[in-house]
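Enquirer: sequence-free structure coming up:
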């Protein structure tokens, strides 16, 4: 009984830490990160992709939930819209992790390039869509895909190092 | 491999459960049940996000001026301040001439334009690239309501419309920037008054100003009369059509004659004309905003 309680308390503490780190990431993303060539770097999306591949889908889903809900609070978008988009990203990543080597950077790069449009499509649908999807894809999607693809490599390597360090301990 | 497959099945189950939970949250949010929770959370975060946003903007200011000497930068700032004053006077003078109204030109926005304003700070911007929205630290307690116009200025520009209040809570609000594709505002071109216009044979060019950021541009003005005469470089102001017609719609809060930008290109558009509008400045870079809550 005592062991169970301790385990539960440890898990809760772990979730609290995760929520705190993801919260900080969202705040950095919405305030400090500059716009580069009209594109915003999506740190939460990168964390979801990399962590689902490196750890497991449950952790990725937790990041998607905490990050998505906080993005909606800070950005005043429909509460749950970003979480739903990120959960979809987590699900596709977990399926991809079955078929491709999950702990290699090419998988994370390909998934980031492929899932950035999915994420933006879902959030755009919640915003009411657009009349000109082609122009939207050129102006919004392509820069977002490029900037996320550039940033996923260092993100993946840092999280891989952190994950390995955690396993060793 | 088997273990991975089992993991994926468990993950799918977990994600489906979480997605169902999120859908419930979305429905509750639509009913407004979660509004107090989200508003209070945003309010708690406001001091942090406002500080960090100011740091980002200060850094971009520094890097923007890093290539000039400090004296040159000071001179430039003073000149830009003077240009702002002159631009304000210029736009207002021409507006007054066109409308034959009394010129109200003294220091201060209220006296100059007759706007009653509430000052606010930019807290954060949208978390992804898909929309042009900023959040500000003013809400219903400060007198804000959906549809109120938000103006600002940067060095060397007149006080210009940057967006409209999109959502508002007790202490915070979001502003949909005029460059966002969802933004539509009625506008009028402040063309050089011609003799024909003075005699009333041609109407002041009017049209809808639409945001175009997601479509690769900034602003366009559509549905302009085919016979309307105006040229590149003319100022574009709000028309305040909804207000004049006393519609009970959020857009009816936009007064006429709020500067928007300048005409940068003109081309035919079906039976009418279309103009590209260049905003006076990028609404993304503003730190302080003024929300027009009423007029004198």
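Expert: Perfect, I can see it now. This one's a predicted model, so the numbers in the text were calculated from it and none came from an experiment.
Enquirer: ranges for the strands of the stretch 101-250 of chain B?
Expert: Taking DSSP state E, counting those that start in this stretch as the test, the strands found in the stretch 101-250 of chain B are B:115-125, B:133-136, B:149-152, B:160-168, B:173-177, B:184-190, B:206-211, B:219-224, B:235-238.
Enquirer: check which helix or strand the residue in chain B that chain A sits nearest to maps to.
Expert: Here the residue of chain B nearest chain A is residue B:11; by C-beta to the nearest C-beta that distance is 3.1 Å. For every residue, glycine as well, the C-beta is placed using N, CA and C. Taking DSSP states H and E as the criterion, residue B:11 maps to helix B:2-30.
Enquirer: immediately after that helix, which helix or strand?
Expert: Sequence-wise, the next helix or strand downstream of helix B:2-30 (DSSP H and E) is helix B:35-64.
Enquirer: would you mark the buried spots in that following helix?
Expert: By 16 or more other C-beta atoms under 10 Å in any protein chain shown, the buried positions in helix B:35-64 come out as B:38, B:39, B:42, B:45, B:46, B:49, B:50, B:52, B:53, B:54, B:56, B:57.
Enquirer: what helix or strand is residue B:273 on?
Expert: Element membership for residue B:273 (DSSP H and E) is strand B:272-279.
Enquirer: adjacent strands (with direction) for the helix or strand just after that strand?
Expert: Counting by DSSP H and E, the element after strand B:272-279 in chain order, helix or strand, is strand B:288-295. The partner list of strand B:288-295 in its sheet, established with DSSP bridges, is strand B:115-125 (antiparallel), strand B:149-152 (antiparallel).
Enquirer: what residues are up against the closest residue in space to residue B:15 that isn't next to it in sequence?
Expert: Leaving out its chain neighbours, the residue that sits closest to residue B:15 by C-beta to C-beta, 6 or more residues apart in numbering or on different chains is residue A:91, at 4.7 Å. Counting by C-beta atoms under 8 Å, 6 or more residues apart in numbering or on different chains, residue A:91 touches A:57, B:11, B:12, B:15.
Enquirer: now, of these, which are buried?
Expert: A:57, B:11, B:15.
Enquirer: check the gap between the last one and residue A:135 for me.
Expert: To tie it back to what came earlier, the one meant is residue B:15. Note on residue B:15: its distance to residue A:135, by C-beta to C-beta, to the nearest Å, is 32 Å.
Enquirer: so who does the closest residue to chain B within chain A touch?
Expert: Residue nearest to chain B within chain A: residue A:57 (3.1 Å; C-beta to the nearest C-beta). For residue A:57, the contacting residues are A:90, A:91, A:93, A:94, A:97, B:7, B:8, B:10, B:11, B:12, B:14, B:15, by C-beta under 8 Å, 6+ apart.
Enquirer: sorry, back to before: quick one, phi psi at the closest residue to the residue of chain B closest to chain A other than its chain neighbours?
Expert: Using C-beta to C-beta, 6+ apart and skipping residues adjacent in sequence, the residue nearest residue B:11 is residue A:57, 3.1 Å away. The phi/psi pair for residue A:57 (degrees, to the nearest 10) reads phi -70, psi -30.
Enquirer: need the pLDDT of residue A:57.
Expert: For residue A:57, the pLDDT comes out at 89.
Enquirer: separation between it and residue B:233?
Expert: Applying C-beta to C-beta, the value for residue A:57 to residue B:233 is 57 Å.
Enquirer: and for residue B:173?
Expert: Using C-beta to C-beta, one gets 34 Å for the distance from residue B:173 to residue B:233.
Enquirer: who has more neighbours out of those two?
Expert: Set side by side, residue B:173 and residue B:233 show more neighbours around residue B:173, with 28 against 11, by other C-beta atoms under 10 Å in any protein chain shown.
Enquirer: assess the claim that residue B:164 and residue B:151 are in contact.
Expert: No: contact criterion C-beta atoms under 8 Å: residue B:164 and residue B:151 do not qualify, at 10.6 Å.
Enquirer: looking at the two, which is more packed in?
Expert: Neighbours per residue, other C-beta under 10 Å: of residue B:164 and residue B:151, the larger number sits with residue B:164, 25 against 22.
Enquirer: quick one: contacts for the more buried one?
Expert: Counted by C-beta under 8 Å, 6+ apart, residue B:164 has contacts B:147-150, B:175-176, B:178, B:183, B:185, B:250-251, B:253-254.
Enquirer: change it to 6 Å
Expert: Contacts for residue B:164 (C-beta atoms under 6 Å, 6 or more residues apart in numbering or on different chains) come out as B:147, B:149, B:176.
Enquirer: quick one, phi/psi of residue A:144?
Expert: Dihedral angles (degrees, to the nearest 10) for residue A:144: phi -60, psi -40.
Enquirer: that one: neighbour count?
Expert: With other C-beta under 10 Å as criterion, residue A:144 counts 23.
Enquirer: just the one 5 residues further on next, same as before
Expert: By other C-beta under 10 Å, the residues close to residue A:149 number 16.
Enquirer: how about residue B:295?
Expert: 14.
Enquirer: quick check: residues of chain B near chain A?
Expert: Within chain B, the positions near chain A by C-beta under 6 Å from any C-beta of the partner chain are B:4, B:8, B:11, B:14-15, B:18-19, B:22, B:25-26, B:29, B:34, B:38, B:41-42, B:49, B:52-53, B:56, B:124, B:126-131, B:135, B:167, B:174, B:181, B:214-216.
Enquirer: out of those, which end up buried?
Expert: Among those, those buried by neighbour count (16+ other C-beta under 10 Å) are B:8, B:11, B:14-15, B:18-19, B:22, B:25-26, B:29, B:34, B:38, B:42, B:49, B:52-53, B:56, B:124, B:126-131, B:135, B:167, B:174, B:181, B:214-215.
Enquirer: about what we covered before: give me the buried positions along the strand holding residue B:273.
Expert: Going by 16+ other C-beta under 10 Å, strand B:272-279 has these buried residues: B:273, B:274, B:275, B:276, B:277, B:278, B:279.
Enquirer: what of stretch A:150-157?
Expert: A:151, A:152, A:153, A:155, A:156.
Enquirer: ok, stretch B:213-231 next?
Expert: B:213, B:214, B:215, B:217, B:218, B:219, B:220, B:221, B:222, B:224, B:228, B:230.
Enquirer: how about the worst-scoring helix or strand of chain A on mean pLDDT, does it reach chain B?
Expert: One helix or strand of chain A scores below all others by mean pLDDT, DSSP states H and E: helix A:133-136, with a mean of 84. Yes: counting by C-beta under 6 Å from any C-beta, chain B is contacted by helix A:133-136 at A:135, A:136.
Enquirer: so who does the residue nearest the centre of chain A touch?
Expert: For chain A, residue A:45 is the residue whose C-alpha lies nearest the centre (C-alpha atoms, centre = their mean; 2.5 Å). By C-beta under 6 Å, 6+ apart, the contact set of residue A:45 is residue A:119.
Enquirer: go again with 10 Å.
Expert: When contacts are counted by C-beta atoms under 10 Å, 6 or more residues apart in numbering or on different chains, residue A:45 touches A:29, A:63-64, A:67-68, A:71, A:82, A:85-86, A:89, A:112, A:115-116, A:118-120, A:144, A:148, A:151-152, A:155, B:127-128.
Enquirer: filter the residues you listed to the buried ones?
Expert: Buried residues within the contacts of residue A:45, counting neighbours by 16+ other C-beta under 10 Å: A:29, A:63-64, A:67-68, A:71, A:82, A:85-86, A:89, A:112, A:115-116, A:119-120, A:144, A:148, A:151-152, A:155, B:127-128.
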